[in-house]
Structures are given as structure tokens and as C-alpha cells.
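>>> show me how the following folds:
(one chain, ligands or ions: 1)
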Amino acid sequence: MFLQFSFEDALLATLIASIVYFTLATIHSLYFHSLSRFPGPKSWAISRIPYAYTLLKGDLTQRTKELHEQYGKIVRLAPNELSFIDGQAWQDIYNHHQGRPNFSKNPLWMAPGDNGIHSILSANDADHARYRRLLAHAFSERALREQEYLPLAYIDLLTRKIRGIVSASESHSAVVDIVKWLNFTTFDIVGDLALGESFHCLEDSNYHGWVSILFTQFKAAALFVSLRFFGLDKPLRMVLPKSLLKKRAEHAKYSTDRIHHRLNQGKEGADAQRNDFMTYVLRYNDEKGMTVPEIEQTFRVLVVAGAETSGTALSGILGNLLQSPDAMENIVKEVRQSFRNASEICANRVSNLPYLNAVIEEGLRLCPPVALGMPRVVPAGGAEVSGQWLPGGTFVACPGYASNRSLLNFPDSPSTFDPSRWLPPSNLSKVGSSAFNPFSLGPRNCLGRNLAYLEMRLILAHLLWHFEFEAEDSAWNWEDQKTWILWEKKPLKVKIRIRDG
Ligand code: HEM
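Residues are numbered from 1 along each chain as shown. Modelled structure (predicted):
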């Protein structure tokens with residue numbers, strides 16, 4: 001005799017099985033999972049959904065900070081993910097470990113390009129070491145000295161353009177969105193260094209098409225990462241409108257074409273005097289170096305990693321200066337007393353201005369361009385992070401924004417813009433400095449750190465030497481912005497006058 005099941009019976013059985021499964025999974029996640037001892041919201045501990053939804057909304061940076069304020073230095077952000085904000089965790093997760101494997105990049109975040117090739121950001125450790133050895137030549141002290149003329153030329157163009165706008169106004173002052181102009185400058189500089197030609201944003205007083213759709217790409221990347229947690233990214237790709245995929249391919253093609261154009265010009269480039277990134281890569285590349293597709297993928301990333309980040313840092317620094325009259329007065333005084341002419345402002349000399357450098361550190365602290373935790377995976381066999389033993393495969397990260405604004409690291413008004421905390425006699429405490437890593441640390445730290453400092457110092461010094469700035473929008477607030485991988489910056493309206501004398 002066969003038992004007869006109706007459709008309703010099957011549905012009921014499936015429902016009951018699902019409820020039992022989710023109840024058991026929830027109990028396991030909350031009480032028996034290897035991460036169940038760590039604090040965090042229960043809804044986040046039992047499911048990846050709250051994390052993915054917050055990432056999609058662009059709120060993960062702020063939410064992670066709030067969760068650390070509520071739960072302390074370690075927070076469980078998902079069933080298999082922990083977030084840390086103490087200096088020891090930064091060391092444990094990102095630095096080299098003698099005789100032990102490094103924490104690898106999280107593959108859910110680090111997909112290869114559409115051609116299947118990885119850039120320096122996403123390559124595995126062995127490939128990464130090969131890429132990095134070659135690229136290091138393009139970021140050495142010597143290369144930086146030889147390249148300084150390029151940022152200086154664009155900074156000169158920036159000041160001439162702003163001077164032109166101000167001079168054209170009858171009131172001898174003009175209101176501009178300075179975020180745009182800072183971004184124009186950093187994209188033109190890095191475009192020229194990486195692709196052999198600038199984006200001409202400054203010249204055109206407008207974003208180049210390639211740059212203007214970049215943020216759509218970050219949002220798309222956040223969407224893909226959120227779906228990848230549930231294995232749904234591939235189905236989405238299949239149903240994406242063809243027009244979107246075409247736009248994406250065109251975007252990649254523009255940079256690929258530029259890179260090939262530059263490669264064809266050889267070491268010296270178009271003018272035999274050029275010292276851009278490709279000069280060094282072509283000078284030192286050999287069979288242990290990088291292939292052309294690897295160069296394509298990595299040079300595209302260089303533009304994004306180099307330009308968007310520096311533009312963000314400068315926007316955050318200037319925005320905070322505009323709201324801190326004392327700090328603005330101090331930095332303007334230092335810059336103007338140090339240089340009689342703008343032509344004297346060079347990399348060597350700006351690196352020795354203590355207040356300027358303190359302002360930059362403080363800006364990077366409050367507005368770190370890489371604000372989310374850089375996702376890593378605990379190596380097989382497990383490892384200790386911040387004194388806690390974690391099983392292999394656990395997802396971990398240290399979010400810069402939450403670390404830099406935590407009372408645990410900066411007990412003295414962590415959300416206040418106060419450059420003096422970096423200067424004697426206060427100087428930063430050991431706790432604060434070990435948790436402050438805007439360029440990350442270890443083998444995969446920022447390769448462009450010195451170039452970034454050079455650009456930030458030179459751009460700020462030149463702007464403050466030439467112009468007087470006044471906030472137009474007193475409601476400007478960095479915290480109101482969202483992040484989709486990187487910050488989506490709001491306009492920052494400033495009134496600019498040419499300085500007297
Ligand atoms: C204020 C500006 C900048 C900040 C805050 C910054 C921050 C960072 C951080 C945190 C990382 C590590 C990412 C990770 O582990 O996933 C990184 C990597 C990187 N950055 Fe920067 N960056 C800045 C500017 C630049 C510039 C100007 C360049 C070059 C044009 C650059 C090139 C790179 C490269 C190539 C990597 C990958 C390094 C590797 O994996 O070996 N960055 N950056």
C-alpha cells in the first residue's frame with residue numbers, strides 16, 4: 001500500500017523542514033558556532049543578510065562604527081565574520097608573520113577582471129609578489145623625485161583655472177565645488193602617470209566620461225559582492241541589461257586602449273623625457289615580471305586606487321579645515337611664512353612643514369579614503385587575532401573609519417578635528433598610532449603611499465598659498481556620506497578669493 005501525499009502535504013512538510021532547519025541553524029550560530037563567544041547583534045550573527053543589505057545601502061562604514069561603539073573592539077558582523085579595531089588586530093591580520101602564512105584577501109571581494117586576469121589588488125600571494133617587485137620601481141624614492149614635475153604641472157593648472165574663475169567675477173570671489181576640482185587634479189595626475197595621458201578634466205573644467213561613470217562601477221561592485229555571499233552574482237550577470245554590460249566593456253576598453261598606446265611608445269614615452277609608471281615597468285620587466293594582460297588590469301586599478309583615494313583625502317582635509325578656523329589660520333600662516341614665491345613650493349620642502357603634515361594625518365584619521373575593513377581570511381589551521389584563536393576560513397577585517405573614531409584608540413575627543421594631537425607636546429599615544437593605518441600595513445599595504453603624501457602636501461600648500469577659502473555650506477558633514485567600496489562624496493561649496501599681497 002503506497003502512502004498518498006497531496007501537494008498541500010508536500011508544501012507543509014517543506015515548510016516544517018525549513019523552520020526546523022533555520023531554528024537549528026540559528027541555535028547553532030548563536031550558541032555552538034566557533035564565533036558565538038563574540039558580541040554583536042543577534043540578527044547579524046545568524047545571517048549574512050543584514051550585512052549584505054547594509055553594504056548595498058552604502059551604510060556599512062557608519063554602521064560598523066556604531067556597532068563597535070556598542071559592543072567594543074571585536075564585533076561579529078556575520079555568522080563567519082569578525083571586525084576588529086585594535087592595533088594588535090591590525091598587526092595580526094595585515095602584517096607579515098615569520099614562518100606562518102599571511103591572511104589572504106577574501107575571494108568574495110576580489111574577483112578578477114572580465115578577462116579573467118587579476119590585478120595587483122586581487123592577485124594571489126605568489127603573483128602579487130611578482131607584480132609588486134616590478135611595480136616597486138615605479139614608486140621608489142628615485143622615481144618619485146623624477147616624477148614630481150608631473151603633479152606640479154597639474155597643480156599649476158589647477159591654481160590658474162581657479163584664479164581665472166575668481167578673476168572673472170565682479171565681486172573678486174567665486175563659489176565653487178572644491179571636491180570636483182580636487183578630483184579633477186588627482187585624476188589628471190594619476191591618469192597621466194598610469195595611462196600616459198591625463199583625462200583633461202582640469203583643462204575642460206569637467207569630468208572625463210571615464211571618470212564620471214566610475215562611481216556607478218563601485219555601486220555595481222557592492223551589488224555583486226552582496227550577491228556573491230549568497231551565490232547569486234552569476235545569475236544576476238545573466239539577466240543584466242545588455243546596455244549595462246556594453247557600458248562596462250567600453251569603460252574597460254578605454255583604459256586598455258590607452259595602456260596599449262602607452263606601451264607602444266616604449267620606455268621613454270612620447271617625449272623621451274617622460275618618467276611615468278610605465279617607464280619603470282618597461283625598464284625592469286622580464287620573464288619574472290608581468291604579462292601585458294596583467295599590466296592592463298593593474299594599471300586600470302592604479303588609476304582608481306590612486307586618484308579617487310587622494311581626491312577623497314583632500315576633500316576631507318579641506319572640509320575639516322574650513323570648519324576649524326584656528327587650524328586654518330595655523331596652516332595658512334605656516335605655508336605663507338615658509339615660501340616667498342609659489343615656485344619655491346616643492347616636495348622636499350613641504351615634507352618638513354609640521355603643521356601641514358599634522359593636518360593631513362588628522363584629515364586621514366577622520367576621513368580615511370579606505371573606510372571599510374579590507375577583507376581577509378584566516379589561513380587554514382587557524383590563527384590568533386587580538387589574543388583570540390580563530391578557526392581557518394574565518395572572515396576578518398579592521399575598518400579604518402571605526403578604528404580612527406573609536407574612544408578606545410583616541411580617548412581624547414575622537415570625532416574632533418584637532419591636528420595638534422599629532423604634534424608635541426601632546427603627540428599621539430601608542431594605542432592610537434598602532435590602530436591608525438590609513439594606507440594599511442604589511443605586504444599588501446599601499447604602494448602609492450609616498451606619492452599620495454607628495455600630492456596631498458603639494459596641492460594643499462599651493463591652494464593655501466594662493467587663495468583664501470571660506471565655507472559656503474555650514475551644514476557640510478563628512479559623516480552624512482555613504483560608501484560603496486569608496487566614499488560617495490557630496491559637493492563642498494567654498495567661497496574663494498585670491499589672497500591679498
Ligand atoms: C590618500 C591616498 C591613498 C590612500 C588612503 C590609500 C590607501 C590604500 C590602502 C588602504 C590599500 C590596501 C588595500 C587592501 O589591502 O585591500 C592600498 C593599496 C594600494 N594602493 Fe593606495 N592609497 C592612496 C593612494 C594611492 C596612490 C596615489 C596610488 C598610486 C597611484 C596607490 C596605489 C595603490 C596600490 C597599487 C595598492 C595595492 C598594493 C598591493 O596590493 O600591493 N594608492 N591603498
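>>> quick check: residue 21 vs the ligand, distance?
Look at residue 21 and the ligand: by Cβ to the nearest ligand atom, to the nearest Å, they are 35 Å apart. From N, CA and C alone the C-beta is placed, and that goes for glycine too.
>>> give me the neighbour count for that residue.
Neighbourhood size, residue 21 [other Cβ atoms under 10 Å]: 10.
>>> so how far is the helix or strand containing it from its chain's centroid?
Per DSSP states H and E: residue 21 is located in helix 7-27. The chain centroid and the centroid of helix 7-27 are separated by 43 Å under Cα atoms, centre = their mean, to the nearest Å.
>>> put the alpha carbons of that helix into PDB.
Output of helix 7-27 as PDB, limited to C-alpha atoms (Å, rounded to 0.1, in the frame of the first residue of the first chain):
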ATOM      1  CA  PHE A   7       0.600  19.000  -3.000                       C
ATOM      2  CA  GLU A   8      -0.500  20.700   0.300                       C
ATOM      3  CA  ASP A   9       1.100  17.900   2.300                       C
ATOM      4  CA  ALA A  10       4.400  18.400   0.400                       C
ATOM      5  CA  LEU A  11       4.200  22.100   1.000                       C
ATOM      6  CA  LEU A  12       3.600  21.700   4.700                       C
ATOM      7  CA  ALA A  13       6.400  19.200   5.000                       C
ATOM      8  CA  THR A  14       8.800  21.600   3.200                       C
ATOM      9  CA  LEU A  15       7.700  24.500   5.500                       C
ATOM     10  CA  ILE A  16       8.200  22.400   8.600                       C
ATOM     11  CA  ALA A  17      11.600  21.200   7.400                       C
ATOM     12  CA  SER A  18      12.600  24.800   6.600                       C
ATOM     13  CA  ILE A  19      11.500  26.000  10.000                       C
ATOM     14  CA  VAL A  20      13.400  23.200  11.800                       C
ATOM     15  CA  TYR A  21      16.500  23.800   9.600                       C
ATOM     16  CA  PHE A  22      16.500  27.600  10.300                       C
ATOM     17  CA  THR A  23      15.800  27.100  14.000                       C
ATOM     18  CA  LEU A  24      18.700  24.600  14.400                       C
ATOM     19  CA  ALA A  25      21.000  26.800  12.300                       C
ATOM     20  CA  THR A  26      20.100  29.800  14.500                       C
ATOM     21  CA  ILE A  27      20.700  27.900  17.700                       C
END
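>>> need the contact partners of it.
Here helix 7-27 makes contact (Cβ atoms under 8 Å, 6 or more residues apart in numbering) with 5, 46.
>>> where exactly do the strands run in the chain?
For the chain, the strands defined by DSSP state E cover 74-78, 81-84, 104-105, 173-177, 376-377, 383-385, 388-390, 395-397, 467-471, 482-484, 486-488, 493-498.
>>> pLDDT averaged over the helix holding residue 21 - what is it?
Mean pLDDT, computed over helix 7-27, is 86.
>>> what does stretch 97-108 give?
The average of the pLDDT scores along stretch 97-108 is 93.
>>> equivalent analysis for stretch 35-49, please.
Averaged across stretch 35-49, pLDDT comes to 97.
>>> near the ligand, which residues of the stretch 251-400 of the chain are found?
Counting by Cβ under 6 Å from any ligand atom, the residues of the stretch 251-400 of the chain lying close to the ligand are 302, 305-306, 309-310, 313, 369-370, 374.
>>> and the stretch 51-200 of the chain, which residues reach the ligand?
Taking Cβ under 6 Å from any ligand atom as the contact definition, the stretch 51-200 of the chain meets the ligand at 120-121, 132, 190.
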